[in-house]
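[1] Next one to model:
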Amino acid sequence: MSLQHCFKEIIVDNDYPPGVAALLGEFLVASVLMSSTIKFEGRLVLQARGKGDLSLLMAEVTHDRQIRGIARYKQDVAEPDMQKLFEGGALAVTIEPTNGERYQSLVPIQSSKLSDCLEHYFEQSEQLATSITLASSQNAVSGLLLQQLPRQLVTDVAERANQWQHVTVLTNTLTDDELITLPGTEVLNRLFVEEQIRLLDENNIQFRCTCSTQRTARALVLIDAAELDAMFEETSVIEMNCEFCSKQYAFSRETLTEVLEGERNIN
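    Residues are numbered from 1 along each chain as shown. I've put the predicted structure just below:
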């Protein structure tokens, strides 16, 4: 799977340094790949926090394949070493269904590569061997996720092991350039030329931010009332930018009140 146009949309307005943008791209494509392994309505969030040069990387995807992401950093990333960048941090996978309980799984960052951390997550959460390959360039990010067949489909232990070894050996021959530049069908046909491949319908992945005037106003009034009054005394208009899409919102006392009162009347 490859992200190009929507990846550019996400990074263009934030002016991320190349190394930060590349790692954010890996998070974005990984979140979409992970969401394809589960059936749900809602959103999946993949994020890492730590005390290194990157304090936050977050990617979010909905069940209808709308994505957004954000990075907070001290400086550009020379090497995408997860352990160093998120010193003392953890990787969190959160599933928030539209109806039902929120589920979160924390994975210690014990590898330099995001793909290794996610393979460990699948091993813990689903007990299914998983192979994840991620690659990024200035203009695109791509990924390949493979999972071992459930035990009830291949009951012979030795056969399952041999099948999985065969698949992973072939996958390891794939280069980053091939993963990024070649169409997905060609990648699969090159790797598994002796296998019968069945392709599912393609999903249209789009960048979409969920920010709005109402949500931004609600975030603003969460500030301590005295602090908010002090802000309005310093300036007649408070400006707030969305960190995901860089859209700017401006509120005076009057417009803030109007937005909140209008929302109450609708509800």
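[2] surely residue 73 meets residue 52?
    No: Residue 73 is not in contact with residue 52 according to CB atoms under 8 Å; the separation is 9.3 Å. In short, each C-beta sits where N, CA and C put it, glycine included.
[3] ok now stretch 170-188, how far from the chain's centre?
    Distance, stretch centre to chain centre, for stretch 170-188: 21 Å (CA atoms, centre = their mean, to the nearest Å).
[4] what does that stretch contact?
    1-2, 131, 133, 135-137, 140-144, 146, 190-192, 197, 199 (CB atoms under 8 Å, 6 or more residues apart in numbering).
[5] could you redo the last one with a cut-off of 7 Å?
    1-2, 131, 133, 135, 137, 140, 142, 144, 146, 191-192, 197, 199 (CB atoms under 7 Å, 6 or more residues apart in numbering).
[6] can you check stretch 110-123 too?
    Against stretch 110-123 from outside (CB under 7 Å, 6+ apart): 26-27, 30, 81-83, 91, 93, 105, 107, 109, 128, 130-134.
[7] out of those, which are inside helices?
    Among the contacts of stretch 110-123, the ones falling in helices (DSSP state H) are 26-27, 30, 82-83.
[8] If any of the contacts of stretch 110-123 are buried, give me the ChimeraX selection for them.
    Selecting the buried subset of the contacts of stretch 110-123 in ChimeraX, with 16 or more other CB atoms under 10 Å as the burial test, is done by:
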select :26,27,30,81,82,83,91,93,107,109,130,131,132,133,134
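[9] what sits opposite the spatially closest residue to residue 25 that is not a sequence neighbour in the beta ladder?
    Leaving aside its sequence neighbours, residue 25 sits nearest to residue 141 (CB to CB, 6 or more residues apart in numbering; 3.4 Å). With DSSP bridges as the criterion, residue 141 is bridged to residue 3, residue 136.
[10] And the one 4 residues further on, by the same measure?
    Here residue 145 sits in beta bridges with residue 132, as judged by DSSP bridges.
[11] Could you report the neighbour count for it?
    Residue 145 sits with 21 neighbouring residues when counted by other CB atoms under 10 Å.
[12] Many thanks, we can stop here.
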